Each structure stands twice: as C-alpha cells, then as structure tokens.
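Chemist: I need the structure of the sequence given here:
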Amino acid sequence: MLSDIEIAHSVKLKPIEQLAHEIGLSDAEFEPYGRDKAKVRLDPSKKPHGKLILMTATSGMPAGSGKTTTSIALAQGLRKIGKNSCVALREPSLGPCFGMKGGAAGGGYSQVLPMESINLHFTGDFHAITSANNLLAAVLDNCRYRGQFDIKEILWKRVEDMNDRNLRFIVTGLNGHANGLPTETGFDITVASELMAILCLAKDEADLRDRINRLVVAVKNDGSPLTCGEVGVTGALMALLLEATKPNLVQTIEGGPAFIHGGPFANIAHGCNSVAATKAALTIADYAVTEAGFGSELGAEKFFDIKCRSAGLKPSATVLVTSLRALHWHGGAPLAEIGKTNPEALKKGLCNLDHHIRNLQAFGPNIVVSLNHFANDDEAEIEIVRSRCKEFGVRFAICDGFAKGGDGAVDLAREVVAACEGDPKPLNYAYDADAPILEKLQGVITRCYGASGFELSAKAQKDLKQIEDWGFGHLPICVAKTPLSLSHDPKLLGAPKNFTIPVERMILNAGAGFVVITTGSILRMPGLPKAPNAFKIDVVNGEIVGLS
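Modeler: Residues are numbered from 1 along each chain as shown. The predicted model follows:
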C-alpha cells in the first residue's frame, strides 16, 4: 500500500471555491488561502441544525488508536449512504509531527487534504497564537522591568510549537540590569497556551475579548491578581488573533468538506477543536463529526464538561474507537506482538473497553463502538469484541477506512445514523457546575478513571488556596495526565482500580474558564524521542516526503 503522503499526492483536489459553493457558502463567507484551503466566517443568520457526533477512543498505546482516521472515514461513509456530512477536527501541532506521533490529518484513504500543509504551517493559526502569547510575555517582562503594576511574580509563560525539553525550565534576563530582571521561567508548547483554549472556546469576537481581558497573568505585590485587561494589551492580542479566529475549510480525500481549527492537546489541555468550527460543521451539514483527543476519560470528559457545557452543544451520539491491537496492548501483549492473534491478551484487555463504555453510558448519548480494522485481524477475536458490545447493549461496527476510505465506513455510518435517531439524550456531566474544585476533581477521578482519591502536593495546596482566595474556586477543571492509562501512571494498563492520583500543580486559566490540574509526571512541554520523525522528512523534486 502507498504511504499516506503518496496517497495524498495522488488525489486531484477540488478548487476551494468549488467546494465552498457546493456546501452553500456565498463568496462573502469564505476567503481563499491559495487553491485548496479557505478561511470561513458564516452569515450570522445561518444557524446550526445538524446532529453532532463525538469521536473518542479506548485508552492510548504507543502505536495510536486511529481515531482521526476513523473520524474522517465516518464523514466519508455518511456521504456514501447519501447523508450530508462534515468533519471538524483539530489542527496538528509541529511538536508530534516532527517528534514521535507524526501528523494528525488521518491516514490511508481517510485523510484531510492538503495533508502536508495541514500538518505544517497551514493558514498560520498556531503562529498567530504563539506570537500573541509571546507578545504578552514580553510586555509583562517590560512592565516589571520598568516598575509598573508592582509585579511580584509573573505567571504567564512563553510558548513554542515544537518539542523542546531544554526550554521547560530556564532563566531569562541574565547579564546585567539592562537586559532585564533575572527570572526563573520556562516554555510550554503552543497547544498548552491558554490563548489556544480561549480561541477554541470563544463564541464570538466579544467573548474572545472578554476572555483575554480576564487572563490572570501575574501576581501584584499585595497578593492580588493582575489581568491582561489591566495591563492594556488586549487590543494588540486581538489584532494578532483576528485571522486565526476564522475556521479553516479544506476537504477529505473524497472531496467532502472538513473544518480544521484549533489544536489543544487532550493530555495537557482540553483537547477539542474550536466551537466556531464545530458550529460551522453543524450549520452546513446534517451530520457533523468531531473528535476529542485520546480516551473517554480525557478528551471526551473535557468535551462534555467544558466544551458542551460552555457552548450549549448537545451530541446525538458518541463513537468509541478501539482495535484488537489496542486491546492486546492493554491485556499485556508486548508492543512488538500486538498485531498477532492473542485471545488471552484480548480477553484481559477487554476490561479497558468495558470501562470506556461505562464512562460514555454515564454521560448519556447513544454509543457505537467502532473497531479499527487491520488486514490480519482474526475473525474470532472480532467476534469476541462484538459479543462484549452486545452484552453492554451498544452498537458495534467494523471500520476499514484506512484501506477503503468511505466504502470501508458504510456499516459504521449506518449504525451512527441509527444511534442519532430521535432527540438527543440528556447530557449528564461528571460534576455540578457550582461544586468546589476538589469535589469536581473527586468526581472525575472516581467516575472516569476508577481512582479512589487524590493527594495534593505542597505546591498544589498553595495553588488551590490562591485560586480560592482570588474567587475562582468553582471553575470547571481540566486534568492533565498520561493518555496511556486510565490512571496517572502509563505502566498501569487495562482498567486499574482504587489508586491514588498525585496532584502536582493547579494552574488558573481564568480566561479559558477552567483550572488545569497536573498529575503524576505530566509536562506541558514535551521532549523529542531518540529517533524523531524529523529525521525522515525531506523535500524531493519540490515535494515534501516522509510525513505520516
């Protein structure tokens, strides 16, 4: 089979003007960025009407779960059975693209195109967020240097859209007073920036401005918070983010519409594409497929408790992606052997599938389990998974979107349409909106992770007191943890029970409207692996090669 990028290069793309007109956009509603992508701002008189489908997965493994590929395959499969569909996804980050995971534009015959542009610079949204974030950091350092606002401590970090462990902890302002005040600080990756979360959650321009104004960026000498609105740089940040607020329109490998916009990671941020892109998909299509990063306990929980709650979204169905390989892994099979038939490991790994099904049943929307199919999958093992889904009373379908595109997702599409029939079921959140932070945390870790409790570090206790003293003690929470386990420890596979979650820090995101809670050894700036993907990527005869 051809590589992902070879398949992508073999496809003749529709001109973006043709695609935009096919989905009913007027010339005033889109701005072409070259021949194959566009920025979109819909007429406000058009209202969302479609059915929303969330794509999530069982717990992660080093080889990935195929969730984005399945999302795109489902959108293509829906169009194969005559349904008007659209997919809304996050933008890939350069960190994993050049690191270990690779790109995030799907795979095989279920991709969004142009894949090399989407995976690299695209329309410059991440550059805009990085620039706005770092402008604010520079202004704050300047204010402190010049004695303005009586700043005791700057909380705002710089960001970079690249994996770079050497930037995690740094000292700035060295070599004399003229070069600034020496400060211990560090970088986060761009996808962890609070501005990324704000861009993805903002309902409109006024909401974006309000959220930027509310950013808590420093502590004053009297112990009170300093906001971006007080600093007076909100307008400049708005100017840098103006174009980045507009969703990006591209196409699937089969010529269907796709919105790619925003990109917070789900293990260290809230893991969902922008509200604007999701609502755009719901406006132009009858079925809008979107995804939340990693498993039901990470991305899906945040999708429901943060994004849906904030934006008033009501999903009609949830698709839970798994594979025999993922279940083998969580049943104890070595990574090199997860593709081999292993009924014993599969049966042990089913506990992970069970846990995620229960998680999603508790949230409410109807569930379809989608088995990401590989050519050497054993039919008897597939039947084991099918039978387990039947025991839970949830729908099941095999998806072969990687090898067959939309044709390989027709069965999944039919099951999803059936799951979407009727009015959406009520959405049950993991915690009450008005509950204190620790009560919210207990609710998430017991209901979604299977933990018995948590333990706060001394720093986390200090963080919590400050957050509560400032009046933010009832915000939603966004837990940062490993995606490779239901717990905080990537070595605890399957469905561990009665463990204690170690909470390291609590980070106030007043503009985004939640508190980030870091657990275990999670870091907001990844590092590169020993042999990063950067070694494989090149340009040959004017074309990019090696992307996957």
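Chemist: Am I right that residue 347 is in a strand?
Modeler: No. Residue 347 is assigned helix when assessed by DSSP: H, G, I helix; E, B strand; the rest coil, not a strand.
Chemist: give the contact list for it.
Modeler: Counting by C-beta atoms under 8 Å, 6 or more residues apart in numbering, residue 347 touches 331, 384. Any C-beta I mention is one placed from the backbone N, CA and C, and that applies to glycine too.
Chemist: again, but for residue 537
Modeler: 98, 544-547.
Chemist: can you put those residues in JSON lines and add pLDDT, distance to residue 428 and secondary structure?
Modeler: Shown next, in JSON lines, are those (pLDDT from 0 to 100; distance: C-beta to C-beta, whole Å; DSSP: H, G, I helix; E, B strand; the rest coil):
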{"residue": "98", "pLDDT": "93", "distance to residue 428": "40", "secondary structure": "helix"}
{"residue": "544", "pLDDT": "92", "distance to residue 428": "45", "secondary structure": "strand"}
{"residue": "545", "pLDDT": "91", "distance to residue 428": "47", "secondary structure": "strand"}
{"residue": "546", "pLDDT": "90", "distance to residue 428": "45", "secondary structure": "coil"}
{"residue": "547", "pLDDT": "88", "distance to residue 428": "40", "secondary structure": "coil"}
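Chemist: remind me which residues of the protein are low pLDDT?
Modeler: 176-177 (pLDDT under 70).
Chemist: can you list the domains in it?
Modeler: As given by automatic domain parsing, the domain ranges for the chain are 48-90+264-419, 125-243, 437-519.
Chemist: Turn these into a markdown table, columns for distance to residue 105.
Modeler: As requested, the domains of the chain are arranged in a markdown table below (distance: least, C-beta to C-beta, whole Å):
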| stretch | distance to residue 105 |
| --- | --- |
| domain 48-90+264-419 | 7 |
| domain 125-243 | 14 |
| domain 437-519 | 19 |
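Chemist: If residue 544 is in a bridge, with which residues?
Modeler: Taking DSSP bridges, one obtains residue 539 as the residues bridged to residue 544.
Chemist: quick one, helices of the stretch 301-450 of the chain?
Modeler: Along the stretch 301-450 of the chain, counting by DSSP state H, counting those that start in this stretch, helices occupy 301-302, 309-311, 324-330, 343-363, 379-392, 401-404, 410-419, 437-444.
Chemist: what comes into contact with the helix or strand that the last one is followed by?
Modeler: Past helix 437-444, further along toward the C-terminus, the next helix or strand under DSSP states H and E is strand 453-456. The set of residues external to strand 453-456 that reach it, using C-beta under 8 Å, 6+ apart, is 441-442, 445-446, 464, 500-503.
Chemist: can you rerun that using 6 Å?
Modeler: Strand 453-456 is contacted from outside by 445, 500-503, using C-beta atoms under 6 Å, 6 or more residues apart in numbering.
Chemist: could I have it exported to PDB, CA atoms only?
Modeler: Output in PDB follows, covering the C-alpha atoms of strand 453-456 (Å, rounded to 0.1, in the frame of the first residue of the first chain):
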ATOM      1  CA  GLY A 453      -8.800   9.500  45.700                       C
ATOM      2  CA  PHE A 454      -6.100  12.100  45.200                       C
ATOM      3  CA  GLU A 455      -3.100  13.500  47.100                       C
ATOM      4  CA  LEU A 456      -2.200  17.200  46.800                       C
END
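Chemist: and the closest residue to residue 184 other than its chain neighbours, what element?
Modeler: Distance criterion C-beta to C-beta, 6 or more residues apart in numbering; nearest residue to residue 184, sequence neighbours excluded, is residue 171 at 5.6 Å. Assigned by DSSP H and E, residue 171 falls within strand 170-172.
Chemist: how about that strand: buried residues?
Modeler: Buried residues in strand 170-172, defined by neighbour count with 16 or more other C-beta atoms under 10 Å: residue 172.
Chemist: Sheet partners, orientation included, of the next helix or strand after it?
Modeler: Note on strand 170-172: by DSSP H and E, the next helix or strand toward the C-terminus is strand 183-185. Strand 183-185 has these partner strands in its sheet, going by DSSP bridges: strand 170-172 (antiparallel).
Chemist: Figure out how far the strand it pairs with is from the centre of its chain.
Modeler: 29 Å (C-alpha atoms, centre = their mean, to the nearest Å).
Chemist: residues making contact with that strand?
Modeler: 183-186.
Chemist: Just the closest of the residues you listed to residue 288, please.
Modeler: Closest approach to residue 288 among the contacts of strand 170-172 (C-beta to C-beta): residue 186, at 37.6 Å.
Chemist: Quick one: residues contacting that closest one.
Modeler: So residue 186 contacts 157, 168-170 (C-beta under 6 Å, 6+ apart).
Chemist: about what we covered before: and the contacts of strand 170-172, which is closest to residue 111?
Modeler: Out of the contacts of strand 170-172, the member with the shortest distance to residue 111 (by C-beta to C-beta) is residue 186, at 35.1 Å.
Chemist: can you map out the strands along the stretch 151-300 of the chain?
Modeler: 151-154, 158-160, 170-172, 183-185, 187-189, 216-220, 225-227, 248-252, 257-260, 287-295 (DSSP state E, counting those that start in this stretch).
Chemist: want to try a markdown table for those, with distance to residue 5 as columns?
Modeler: Below are the strands of the stretch 151-300 of the chain laid out as a markdown table (distance: least, C-beta to C-beta, whole Å):
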| stretch | distance to residue 5 |
| --- | --- |
| strand 151-154 | 42 |
| strand 158-160 | 25 |
| strand 170-172 | 35 |
| strand 183-185 | 38 |
| strand 187-189 | 24 |
| strand 216-220 | 41 |
| strand 225-227 | 45 |
| strand 248-252 | 16 |
| strand 257-260 | 17 |
| strand 287-295 | 22 |
